[in-house]
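J.: Sequence and predicted structure, then a few things I'm wondering about:
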Amino acid sequence: MKKKLLFVINTLSQAGAETALLELLKKLNGQKYEIYLYVLTGQGELIEKLPDCVRLLNPTFSRQSVLTGKGRTELMKKVFQSFVRNGGFTYKVHYVMKNLAGMVKEKRIQTDKLLWRVLSDGAERFDICFDLAMAWIEGGSVYYVADHVKARKKIALIHIDYENAGYTRAMDQNCFRQFAKIFAVSEETMNHFSDFYPEYAAKLDVFHNIVDQESIRLRAREKGGFEDDYNGFRILSVGRLTRQKGYDIAIEAMEILKKKKYNVRWYVLGEGDQKKALIKRIHELHLEKDFLLLGQLDNPYPHYVKADVYVHATRFEGKSIAIQEAQTLGCAVIASNCNGNREQIKDGVDGILCELTPQAVAEKIEDLYLNEGKRKRLGAEAKKKEISHEQELRLFKKLLE
């Protein structure tokens, strides 16, 4: 009999974890397994790329990204419905208020973290016993698999520096006790999770993101890329417009570069809840023609190959797929010296690491702006890096033995 596999993810919007999941699903043999997917929010434009061998369990699904304004409106409707679906309204409200009080005390309110359990408890339930259920990302997916899925074996995958991302034990409510194995996408991510939850150290292992380098190279040759007639130095960043991604720092760095009269322009591909705040700051610094938010694109790869430098100045990471994409396409990469980023870059060899300050980011960009030879050398070394996923596939198959 075919073994039943369930994957649960928070959204299917265009982002690193979602892209990595789709790549793994492509590699699994649909003839050997019955593969199911449940998307907690029931939203995401990447649903169009779901392999035919995968059965979507969501009874309804929206192609609106949760990163757009319209998508966030749809999501909030689902949140309100989740408060009453499956009962437990009083408990859900108490959970939110208790954890909100903790966030207020820490002066760091994160609405998404606050509501994951509400979405989980208000989600669909299925009378299927799976051989393996995998929560593909932290937060709602983990809570749902731990509390509401019947499975012989449960696995969780952590994509982020857990504590820095804002998760707490009070939010988690001992959910990780339910998992036979807890994977992390990098060594640093695993070590930080182990520091946060030392009692689960024996369950931890690394499961790297699945990245299809050949597909990235092929899609980079498609028509696309920058559409303006600008002939200066192009800086590119790709990622959600969130606090984590550090675009507020990038805008300040751009102001420094423009004050020095450098012929540079910064392009950002992505959507997110910080868009209005970023646009406001861009206007305040009169950078409307210099720091451009291009939105989210189905195929960002032609932009990579036409950029002069790729900058990934983030506050924290798990393991950035955007950096892997940039390196695959031979970009000179500048990244902040933070968890996740430093595991992907050998400073001065296949990229540059820097401190996360406007001055430091601007100085590293200036260095590569003035040194074309160094730029080309870094890009050439980065392009040599090959990514193999044989170990990850072996790990996955071993779980099913």
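T.: In hand now; what should we look at?

J.: give me the number of residues near the closest residue in space to A307 that isn't next to it in sequence?
T.: In space, and not counting its chain neighbours, A307 is closest to L236: 3.7 Å by CB to CB, 6 or more residues apart in numbering. Bear in mind the C-beta positions are built from the backbone N, C-alpha and C, glycine included. Counted with other CB atoms under 10 Å, the neighbours of L236 add up to 25.

J.: Whichever strand or helix holds L236 pairs with which strands?
T.: Per DSSP states H and E, L236 falls inside strand 233-238. Neighbouring strands of strand 233-238 in its sheet, by DSSP bridges, are strand 264-269 (parallel), strand 309-312 (parallel).

J.: any idea which helix or strand comes after the first one?
T.: Of the helices and strands lying after strand 264-269 in sequence (DSSP H and E), the nearest is helix 275-284.

J.: quick one: the residue nearest to A307 from L67, how far?
T.: Here the criterion is CB to CB, to the nearest Å. By it, L236 lies 18 Å from L67.

J.: Identify all contacting residues around the longest helix seen in the chain.
T.: Criterion DSSP state H: the longest helix present in the chain is helix 89-106. Contacts with helix 89-106, where a contact means CB atoms under 8 Å, 6 or more residues apart in numbering, come from 82-83, 109-110, 113-115, 117-118, 121-122, 166, 168, 170-171.

J.: And it, what's buried?
T.: Buried residues in helix 89-106, counted by 16 or more other CB atoms under 10 Å: 92, 95-96, 99, 103.

J.: mind putting these in TSV, distance to S388 and pLDDT included?
T.: Shown next, in TSV, are the buried residues of helix 89-106 (distance: CB to CB, whole Å; pLDDT from 0 to 100):
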residue	distance to S388	pLDDT
K92	44	92
Y95	42	93
V96	43	93
N99	40	90
M103	41	87
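
J.: And these, which two are furthest apart?
T.: The largest distance within the buried residues of helix 89-106, taken as CB to CB, falls between K92 and M103 and amounts to 16.4 Å.

J.: Could you look up the next helix or strand downstream of the strand holding L236?
T.: Next in sequence after strand 233-238, counting helices and strands by DSSP H and E, comes helix 247-259.

J.: elements contacting that following helix?
T.: Using 3 or more CB pairs under 8 Å, 6 or more residues apart in numbering; DSSP states H and E, the elements in contact with helix 247-259 are strand 233-238, strand 264-269, helix 275-284, strand 291-295, helix 358-370.

J.: Tell me which of those lies nearest to I35.
T.: Taking the helices and strands packed on helix 247-259 one by one with CB to CB, strand 233-238 is closest: 28.6 Å.

J.: any idea how far that closest one is from the chain center?
T.: 19 Å (CA atoms, centre = their mean, to the nearest Å).

J.: So what's the model's average confidence on it?
T.: The average pLDDT for strand 233-238 rounds to 97.

J.: before we move on, what about stretch 327-347?
T.: For stretch 327-347, mean pLDDT is 93.

J.: quick one: buried residues of it?
T.: Neighbour-count burial for stretch 327-347 [16+ other CB under 10 Å]: 327-336, 338-345.

J.: ok, now stretch 349-362?
T.: For stretch 349-362, the neighbour count (16+ other CB under 10 Å) marks 350-354, 356, 358, 360-362 as buried.

J.: Go through those and say which is closest to T11.
T.: Closest to T11 out of the buried residues of stretch 349-362 is L356 (26.6 Å), distances taken as CB to CB.

J.: helix/strand/coil for K4?
T.: Secondary structure, DSSP: H, G, I helix; E, B strand; the rest coil: K4 is strand.

J.: Sorry, wrong one. I was asking about R55.
T.: strand.

J.: That one: how many residues sit nearby?
T.: R55 has 14 nearby residues by other CB under 10 Å.

J.: Could you check how far the closest residue in space to it that isn't next to it in sequence is from L132?
T.: Closest residue to R55 apart from its sequence neighbours, by CB to CB, 6+ apart: Y36 at 5.0 Å. With distances taken as CB to CB, Y36 is found 10 Å from L132.

J.: Spit out the residues that contact these two alike.
T.: The contact sets of Y36 and L132 overlap at 4-6 (CB under 8 Å, 6+ apart).

J.: Could you dump these into CSV with neighbour count and distance to G44 added?
T.: Below are those laid out as CSV (neighbours: other CB atoms under 10 Å; distance: CB to CB, whole Å):
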residue, neighbour count, distance to G44
K4, 18, 23
L5, 23, 20
L6, 25, 17
